[in-house]
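Chemist: Task: produce atomic coordinates for the following.
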Amino acid sequence: MLRHHGDVEARPGMLDFAVNVQGVAPPAWLRDRLAARLADLGRYPDSGDEHAARAAVAARHGRSPDEVLLLAGAAEGFAMLPRLAPRLAAVVHPSFTEPELALREAEVPVTRVLLERPYTLDPALVPEDADLVVLGNPTNPTSVLHPVETIRALRRPGRIIVVDEAFADAVAGIAAGSAAGESPSPIGGLVGSGDDLVDASSPVVGEPESLAGLSAPDVIVFRSLTKTWALAGLRCGYALGAPEVLARLAHGRPHWPLGTLQLEAIIATAEPAAVAESRRYADRIAVDRTAMIDRLTALGLDVHTPATGPFLLLRVPDGVLLRKHLADRGIAVRRADTFPGLGPDHLRVAVRGAAEVDRLIDTLNAALW
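Modeler: Numbering: from 1, shown residues only. Model prediction:
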């Protein structure tokens with residue numbers, strides 16, 4: 001159950017609400033960048049590309065290159081977690097299950113911190129003796145965005161905090177769920193060292209409640225290029241953290257861990273113009289998400305809000321039968337009972353545009369009534 005992912009729900013030709021990748025292929029400019037490197041595949045990945053990729057990611061987040069570990073997808077980073085040799089790992093759920101699976105397969109003791117709706121993170125729920133804490137932000141599948149101050153409250157001497165920010169670049173600059181007339185959340189990430197965090201307004205820095213710009217010895221942030229840039233098939237991501245901690249993660253890693261096209265994708269999507277484009281994507285997702293929430297709730301469905309990610313968590317009647325009804329009519333949604341703390345009547349749906357949502361609503365309406 002921990003290894004179940006949305007891609008198995010979506011057969012070829014189905015309308016895909018199960019996978020959170022935006023679009024079916026990378027944008028044309030990114031495809032052109034990758035295609036231009038095809039002639040270089042006859043030689044081994046260049047160390048200059050690796051250095052350039054680390055420098056680009058570092059500049060994007062206001063860090064130094066030695067605080068960047070390039071990954072073949074964020075999932076590779078989760079597989080590395082046992083190398084930190086924790087005595088007790090606490091995994092906050094409901095959330096992405098690969099970190100727990102990797103730790104359990106390495107026989108690391110794991111305790112689950114199960115959050116009940118509205119899935120608000122309470123640092124007091126985490127055992128004091130846990131020396132590794134793993135959580136998502138925004139969290140898959142609840143779409144909850146935890147405040148930075150709450151995550152920082154998890155810090156303890158001898159403890160490492162791992163934050164999965166695979167969807168952070170899809171969070172709009174003004175927090176979703178803010179009502180009209182309320183003060184918007186600041187646009188910009190947090191940069192600084194240790195406890196000296198400051199707000200940064202540079203568009204190259206970041207997303208609300210992200211810790212990607214925090215230089216600290218006890219915080220690791222995983223990021224992914226899969227979702228926003230439709231690069232699921234290329235496997236690109238990176239970890240941000242203290243050099244000595246990243247070295248522990250990478251210990252024993254084979255030579256040339258990333259290929260030339262992966263390195264080029266990381267360089268290209270870390271450039272300021274690409275980051276600005278991702279912010280526009282995030283703004284569009286926020287608009288589509290609001291419209292989708294309105295339409296789903298109008299059907300009488302229970303949609304968990306506030307939601308900040310490119311997906312929504314639903315609680316529906318007869319979830320197993322409804323999911324089958326949708327699949328029989330060519331629509332894939334993600335079962336959510338594989339996430340600890342959720343049940344068979346929970347479903348996750350990706351945020352999509354109006355045309356796709358029209359078809360989903362029509363099919364749901366026929367099934368429910």
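Chemist: Which other helices and strands does the helix ranked longest in the chain contact?
Modeler: Using DSSP state H to define each element, the chain has its longest helix at helix 272-298. Helix 272-298 is packed against helix 226-229, helix 260-270, strand 302-303, strand 311-315, helix 354-368, with contacts defined by 3 or more CB pairs under 8 Å, 6 or more residues apart in numbering; DSSP states H and E. C-betas here are computed from N, CA, C, even on glycine.
Chemist: Please work out which of the ones you listed is packed deepest.
Modeler: Highest mean neighbour count of the helices and strands packed on helix 272-298: helix 226-229, a mean of 25 (counted as mean count of other CB atoms under 10 Å).
Chemist: so after it, what's the next helix or strand?
Modeler: Per DSSP states H and E, helix 226-229 leads on to strand 237-240 as the next helix or strand towards the C-terminus.
Chemist: That following strand pairs with which strands?
Modeler: Sheet pairing here is set by DSSP bridges, and for strand 237-240 it gives strand 68-71 (antiparallel), strand 219-224 (antiparallel).
Chemist: Contacts made by that strand with the rest, please.
Modeler: Residues from elsewhere that reach strand 237-240 (CB atoms under 8 Å, 6 or more residues apart in numbering): 57, 61, 63, 67-77, 166, 212, 220-226, 246, 249, 266.
Chemist: can we see that at 6 Å?
Modeler: Contacts of strand 237-240 with the rest of the structure, by CB atoms under 6 Å, 6 or more residues apart in numbering, involve 57, 67-71, 73-74, 77, 212, 220-224.
Chemist: Kindly report the same for stretch 38-49.
Modeler: Residues outside stretch 38-49 that contact it (CB under 6 Å, 6+ apart): 256, 259, 260, 263.
Chemist: Would you format the residues you listed as CSV with pLDDT and distance to residue 120 included?
Modeler: Putting the contacts of stretch 38-49 into CSV (pLDDT from 0 to 100; distance: CB to CB, whole Å) gives the following:
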residue, pLDDT, distance to residue 120
256, 91, 43
259, 96, 41
260, 97, 44
263, 98, 39
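Chemist: What is the one helix or strand residue 248 maps to packed up against?
Modeler: If you go by DSSP H and E, residue 248 is part of helix 243-250. Using 3 or more CB pairs under 6 Å, 6 or more residues apart in numbering; DSSP states H and E as the contact test, no helix or strand touches helix 243-250.
Chemist: Can you give me the buried ones in that helix?
Modeler: Neighbour counts over helix 243-250 (16 or more other CB atoms under 10 Å) mark 245, 246, 249, 250 as buried.
Chemist: Can you read off the pLDDT for the first one?
Modeler: Turning to residue 245, the model gives it a pLDDT of 98.
Chemist: Helices of this protein, start to end?
Modeler: Assigned helices in the chain, in chain order: 28-35, 47-61, 74-80, 98-105, 148-152, 226-229, 243-250, 260-270, 272-298, 319-328, 354-368 (criterion: DSSP H).
Chemist: Could you say which one of those helices comes nearest to residue 142?
Modeler: The closest of the helices of the chain to residue 142 is helix 272-298. By CB to CB, the value is 13.6 Å.
Chemist: Rounded mean pLDDT for that closest one, please.
Modeler: Averaged across helix 272-298, the pLDDT comes to 96.
Chemist: Let me know the angle separating it from strand 311-315.
Modeler: 20 degrees (axes from the mean of the first three to the mean of the last three CA atoms, to 10 degrees).
Chemist: Which positions in helix 272-298 come out as buried?
Modeler: Buried residues in helix 272-298 (16+ other CB under 10 Å): 274-275, 277-279, 281-282, 284-286, 288-289, 292-293, 295-296.
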